[in-house]
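In: I would like to see how this sequence folds:
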Amino acid sequence: MALACQSLYDAAKREVGGGSGSESFQTCFINAINCCLDEMSDEADLAVRHTHITAVSNSISTLYTGHWYIVYAGVIYYLIRMGQRPSDPKTAMLVYQDSEKRWDECKGRYLTRIINDLQSDTTASVVKLGYVGTST
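Out: Predicted coordinates for the structure are as follows:
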């Protein structure tokens, strides 16, 4: 099943204080998702890159609902970089550092999933535990 962007949008709006969903926040959200998809494509060196979205109502056909938390971490990271952060500089720096750490962790998990999917033997994963196979 494709990954729907609407739930990501609703959660991101709550986390970074996107208000009632202004047009400006929607534009930032779409840009953040597309940056996230580009970085995931680059990190995994994908032959076929993830396709950009153009609206909050879009879905990402190349990702599954199980990738939600990975994309969410990237969206929050990029929204913060785009200015959707607390106005207090000290708090803003902490929020940025936390989002950067989480995004790096999630990109690593994404790569592990890809490596596990590429294995011909579905009885053992690369790290000998966790996700195996293509269903998410």
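In: All the strands of the protein, in order from the start?
Out: Under the criterion DSSP state E, the chain contains strands at 2-4, 59-64.
In: For these, give me JSON lines that also has mean neighbour count, mean pLDDT and distance to T112.
Out: To be clear about C-beta, it is placed using only N, CA and C from the backbone, and glycine gets the same treatment. What follows is the strands of the chain, written out as JSON lines (neighbours: other Cβ atoms under 10 Å; pLDDT from 0 to 100; distance: least, Cβ to Cβ, whole Å):
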{"stretch": "strand 2-4", "mean neighbour count": "17", "mean pLDDT": "94", "distance to T112": "18"}
{"stretch": "strand 59-64", "mean neighbour count": "16", "mean pLDDT": "92", "distance to T112": "15"}
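In: Show the average pLDDT along the longest helix along the chain.
Out: Longest helix in the chain, counting residues (DSSP state H): helix 89-118. What helix 89-118 shows for mean pLDDT is 91.
In: Enumerate the positions of that helix that are buried.
Out: 95, 99, 102-103, 106-107, 110, 113, 116 (16 or more other Cβ atoms under 10 Å).
In: Also stretch 68-83?
Out: For stretch 68-83, the neighbour count (16+ other Cβ under 10 Å) marks 68, 70-80, 82 as buried.
In: For C36, state which of these is nearest.
Out: Nearest to C36 out of those is G74 (Cβ to Cβ; 3.2 Å).
In: check contacts around the closest one.
Out: Listed by Cβ atoms under 8 Å, 6 or more residues apart in numbering, the contact set of G74 reads 32-33, 35-36, 39-40, 103, 106-107.
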